[in-house]
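Q: Any chance you can model this:
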Amino acid sequence: MTPEEIQDLLKQTLGELKTEILSEVDKKNAGLASSLSKEIKKLTTTSPLESDEEPKGNLSLKALQQQISDLQTQLREKDEQAYNAKRSEAVSKAISKSNVLNQSTLHKLYMMENSSQLKEENGNWFVERNGQVLSLEESLKNYLNSDDGKLFLPPSGVNGSSSQETKVTAANPNTKVSAADALFDSISNL
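A: Residues are numbered from 1 along each chain as shown. Take a look at the predicted model:
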């Protein structure tokens with residue numbers, strides 16, 4: 001046998017083997033295709049409500065929606081905290097401008113009574129109460145003039161509740177002081 005004859009024989013044998021393998025693959029694929037089509041028909045005939053498991057796409061979608069909801073809640077909380085801090089800072093600044101005693105207690109009391117009525121507009125703070133709108137400074141001034149607010153004002157120079165406030169007058173060296181006046185001045189300065 002010549003090499004050409006051997007090649008022809010191999011080509012013929014390989015060709016027959018190839019056709020035989022392809023026919024077997026076609027048979028197997030046909031069986032697989034029919035079984036897959038049966039499975040698809042089964043899946044399409046059952047409704048999604050009957051299945052116990054949800055598709056993975058729906059679960060991941062629900063997880064993402066939950067994460068978005070959680071992030072939105074956190075953002076709202078942070079915005080509210082920032083607004084509360086800004087409001088508290090504005091009240092602190094207004095209190096520090098006034099000459100009051102115990103500023104921290106006044107701040108707490110004023111915030112308890114007015115925090116829900118404090119509103120910000122263009123960087124300015126206002127108190128809206130009973131349809132009346134006052135600036136924060138005016139509202140604080142009105143509060144300090146009230147009976148509750150007077151507790152935070154510094155005491156006047158008056159000694160006691162029945163005494164009258166006296167004004168200091170310049171002493172005149174040419175004036176003679178009587179003994180009664182000298183005695184009264186020394187007793188009142190005790």
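Q: per the record, what domains does this structure have?
A: For the chain, automatic domain parsing gives the domain ranges 8-43, 88-152.
Q: Could you dump those domains into a markdown table with mean neighbour count added?
A: Every C-beta, even on glycine, is put in place using the N, C-alpha and C of the backbone. Below are the domains of the chain laid out as a markdown table (neighbours: other C-beta atoms under 10 Å):
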| stretch | mean neighbour count |
| --- | --- |
| domain 8-43 | 10 |
| domain 88-152 | 14 |
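Q: which one of the ones you listed has the lowest average pLDDT?
A: Mean pLDDT values for the domains of the chain show the minimum at domain 8-43, a mean of 83.
Q: Present the domains of the chain as TSV; the columns should include distance to residue 2.
A: Shown next, in TSV, are these (distance: least, C-beta to C-beta, whole Å):
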stretch	distance to residue 2
domain 8-43	10
domain 88-152	103
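Q: Which of these sits closest to residue 187?
A: Nearest to residue 187, of all the domains of the chain, is domain 88-152, at 30.3 Å by C-beta to C-beta.
Q: Go ahead and measure how far that closest one is from the middle of the chain.
A: 23 Å (C-alpha atoms, centre = their mean, to the nearest Å).
Q: ok, which stretches of the protein are strands?
A: In chain order, the chain shows strands spanning 118-121, 124-129, 132-135, with DSSP state E as the criterion.
Q: For residue 153, which residues are in contact?
A: 99-101, 144 (C-beta atoms under 8 Å, 6 or more residues apart in numbering).
Q: For those, work out which two are farthest apart.
A: 101 and 144 (10.8 Å).
Q: and for these two, which residues touch both?
A: Listed as contacting both residue 101 and residue 144 by C-beta under 8 Å, 6+ apart are 152-153.
Q: Distance of the nearest residue to residue 83 once chain neighbours are set aside relative to residue 27?
A: Closest residue in space to residue 83, ignoring its immediate chain neighbours: residue 120 at 7.9 Å, by C-beta to C-beta, 6 or more residues apart in numbering. Distance of residue 120 to residue 27, given as C-beta to C-beta, to the nearest Å: 80 Å.
Q: ok, now residue 126?
A: 86 Å.
Q: Can you add distance to residue 114 and give the contacts of residue 153 back as TSV?
A: TSV is the format used below for those (distance: C-beta to C-beta, whole Å):
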residue	distance to residue 114
99	20
100	15
101	19
144	13
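Q: ok so, going back, can I get the strands of the chain in a markdown table with distance to residue 5?
A: Below are these laid out as a markdown table (distance: least, C-beta to C-beta, whole Å):
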| stretch | distance to residue 5 |
| --- | --- |
| strand 118-121 | 101 |
| strand 124-129 | 106 |
| strand 132-135 | 112 |
